[in-house]
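Trainee: Quick one: sequence plus predicted model below, questions after.
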Amino acid sequence: MTSSRLQSSALRRRASIYARLIAPWLASSRRAIVAEVPVGSRVLDIACGTGDLLLELAPRCTEVAGVDLDAAKIAYALGRGNAMCRFAVADATSLPFDNDHFDVATLSMALHGMSDGA
């Protein structure tokens, strides 16, 4: 197996582990966030991971989009099959959206992954 295939496989495993172990642990936090987002909002979730928050927000929002630096997590989110949700691999400092496009932006469970120089 080539180095890039090994790396890709490791990234997919990491996204799967996140989805099975971390995401369920955050369920109560997601419910609290959903309760605060006004119905009909356009929402951007920064560091969206595997897309759990956006999947919960989608039925009550007009638009939901998520960005994450981890391509494997974005691939996992895309594979969950909700056409209402848009996902992109992107850095929060250079978002692929127009300014003032969203009504609400969320950021949860992201700061632990940033270096001191971020």
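Mentor: Noted; the coordinates are in hand.

Trainee: any low-confidence regions in this protein?
Mentor: Scanning the chain with the threshold set as pLDDT under 70 gives 1-8, 10-11, 18-19, 21-25, 109-118.

Trainee: and the most centrally placed residue in it, what does it touch?
Mentor: The chain has residue 48 as the residue nearest its centroid, 1.5 Å off, counting by CA atoms, centre = their mean. Listed by CB atoms under 8 Å, 6 or more residues apart in numbering, the contact partners of residue 48 are 54, 66, 67, 68, 73, 74, 77, 87. To be clear about C-beta, it is placed using only N, CA and C from the backbone, and glycine gets the same treatment.

Trainee: give me the number of residues near the closest residue to residue 59 other than its chain neighbours?
Mentor: Nearest residue to residue 59 in three dimensions, chain neighbours excluded: residue 84, at 7.9 Å (CB to CB, 6 or more residues apart in numbering). Using other CB atoms under 10 Å, residue 84 is surrounded by 14 other residues.

Trainee: how far away is residue 84 from residue 20?
Mentor: Using CB to CB, to the nearest Å, one gets 23 Å for the distance from residue 84 to residue 20.

Trainee: name the element the residue nearest to residue 105 when sequence neighbours are not counted belongs to?
Mentor: In this structure, residue 105 finds its nearest non-sequential neighbour in residue 44, 4.7 Å apart by CB to CB, 6+ apart. Per DSSP states H and E: residue 44 is located in strand 42-46.

Trainee: which helices and strands does the helix or strand following that strand pack with?
Mentor: Helices and strands here follow DSSP H and E; after strand 42-46, the next one along the chain is helix 52-57. If you count contacts as 3 or more CB pairs under 8 Å, 6 or more residues apart in numbering; DSSP states H and E, helix 52-57 packs onto helix 27-36, strand 42-46, strand 63-68, strand 85-89.

Trainee: Could you rerun that using 10 Å?
Mentor: For helix 52-57, the packing partners by 3 or more CB pairs under 10 Å, 6 or more residues apart in numbering; DSSP states H and E come out as helix 23-25, helix 27-36, strand 42-46, strand 63-68, helix 71-78, strand 85-89, strand 104-107.
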